[in-house]
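Student: Mind looking at a prediction? Sequence and model below.
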Amino acid sequence: MDVKASRLEGRVAVVTGGASGIGLAAVRRLAAEGARVVIGDLDPAAGKAAADEVGGLFVAVDVTDEAGVENLFRQAYDTFGSVDIAFNNAGISPPDDNSILDTGLEAWRKVQEVNLTSVYLCCKAVIPYMQRHGKGSIINTASFVAVMGAATSQISYSASKGGVLAMSRELGVEFARQGIRVNALCPGPVNTPLLTELFAKDPERAQRRLVHVPMGRFGEPEEIAAAVAFLASDDSSFITANTFLVDGGISGAYVTPL
Ligand SMILES: NC(=O)c1ccc[n+]([C@@H]2O[C@H](COP(=O)([O-])OP(=O)(O)OC[C@H]3O[C@@H](n4cnc5c(N)ncnc54)[C@H](O)[C@@H]3O)[C@@H](O)[C@H]2O)c1
C-alpha cells in the first residue's frame, strides 16, 4: 500500500477491537498515515502485538465496562496529549443470536452490551477530551444491516447496529458546532474472523449472501480501513452525522450482474 504518511501526522487515534479484523487493518492504516494509535481490546496477546507493530499503545479493556472505557481514553490522552480520532469498532456476532423466535434474553442483552452500549460509553468518554481541543472525529462501526433487513436474522446484532447508526447521527448533529464530527461506518460483509467463523462450517451460507453483492465478493478489511482513514482525516471535513456505507453496492442493489 502506497500511503502518504502525512494526512494524520500529529493525530492520536483510539481504536477499539484493534486486535483483529477491521480494527487491526484500521490500526495499520491510521499509523501508516502518521497517527499515533492506541488499541483497546479484550485480547492482550493480539492487542499488544498490533500495538508493537505500529509503535503504539495497548490498553486492555472490556468495552462494556464504564471504568475500563474511561481508563482507555484517559491513558490515550495522558500519554499522547490529545485524542483526535476515536474508532469505536469492537463488536461481536455470536451464533446464539439468530431469529427472534430462538434468541433468548441473555443472548440479546450480551450483543446489545458489546455492540451498542459500548459505543455509548466510548462516545461519552471521548467527547470531553475532544471538546478541550475544539475538534475531533468519531467513527462508530455500524453495519449495512442497520439499513437493510436479512431473512437470515441476527436480531440483536441488527438492532444494535441500528442503534449505533441513530446514536451516531444524533451525536453528529449535537456536536457539529464544536468541531466534533461523528459518523457511522456501515461495512458490507467483510472477510474477517467474525465473518469467516460464521460461514466456516457452511459454504452455502456464504454463497447465499454473495449473490446479493453486486461486486460478487466480500470486502477486505483494508478497504474498510481506507474509509476509516478518510473519515478520520480533514479530507472529510464537511461530512458528519453520515451513514457511510462501504458495502460493494449491496444496499443499492435490486438485481445484480450475472
Ligand atoms: N466482518 C464483517 O463482515 C462486518 C460487517 C459489518 C460490520 N462489522 C462490524 O465491524 C466491527 C469489527 O468486526 P470484525 O469483523 O473486524 O471482528 P473481529 O472479530 O475480527 O474483531 C473484533 C475485535 O473486537 C474485540 N472485542 C470483542 N468484544 C470486545 C469487548 N467486549 N471489549 C473489547 N474488545 C472486544 C475482539 O477481541 C476482536 O479483536 C464489529 O463491530 C462488527 O460488528 C463487521
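Tutor: Structure's in. What do you need? Numbers count the residues shown, from 1 in each chain.

Student: Close to the ligand: what parts of this structure are there?
Tutor: Proximity of the chain to the ligand (Cβ under 6 Å from any ligand atom) is limited to residues 16-17, 19-23, 41-43, 61-64, 89-93, 114, 141, 143, 187, 189-190, 192-195. Heads up, the C-betas are built off the backbone N, CA and C, glycines and all.

Student: Return the subset of those residues lying in strands.
Tutor: Among the residues of the chain next to the ligand, the ones falling in strands (DSSP state E) are Thr16, Asp41, Thr141, Pro187.

Student: tell me the contacts of the second one?
Tutor: Think Asp41. Thr16, Gly17, Gly18, Ala19, Ser20, Gly23, Gly47, Phe58, Ala60, Val61, Ala90 (Cβ atoms under 8 Å, 6 or more residues apart in numbering).

Student: hmm, which of the residues of the chain next to the ligand are the buried ones?
Tutor: Taking 16 or more other Cβ atoms under 10 Å as the criterion, what is buried in the residues of the chain next to the ligand is 16-17, 19-23, 41-43, 61, 63-64, 89-93, 114, 141, 143, 187, 189-190, 192, 194-195.

Student: I'd like to know how far Asp97 sits from Ile85.
Tutor: According to Cβ to Cβ, to the nearest Å, Asp97 stands 29 Å off from Ile85.

Student: do the same with Gln207
Tutor: Distance from Gln207 to Ile85, counting by Cβ to Cβ: 37 Å.

Student: what is the mean pLDDT for the helix or strand harbouring Ala67?
Tutor: According to DSSP states H and E, Ala67 maps onto helix 66-80. Across helix 66-80, the average pLDDT comes to 98.

Student: Check which residues of that helix are buried.
Tutor: Residues Gly68, Val69, Glu70, Asn71, Leu72, Phe73, Gln75, Ala76, Tyr77, Phe80 are the ones in helix 66-80 that count as buried (16+ other Cβ under 10 Å).

Student: which of Asp97 and Ile85 has more neighbours?
Tutor: Ile85 (28 against 25; other Cβ atoms under 10 Å).

Student: how about the strands in the stretch 151-258 of the chain?
Tutor: 180-187, 243-246 (DSSP state E, counting those that start in this stretch).

Student: Serialize those to JSON lines and add fields for distance to Val213 and mean pLDDT.
Tutor: Putting the strands of the stretch 151-258 of the chain into JSON lines (distance: least, Cβ to Cβ, whole Å; pLDDT from 0 to 100) gives the following:
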{"stretch": "strand 180-187", "distance to Val213": "12", "mean pLDDT": "99"}
{"stretch": "strand 243-246", "distance to Val213": "12", "mean pLDDT": "98"}
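
Student: Thank you kindly, that will do.
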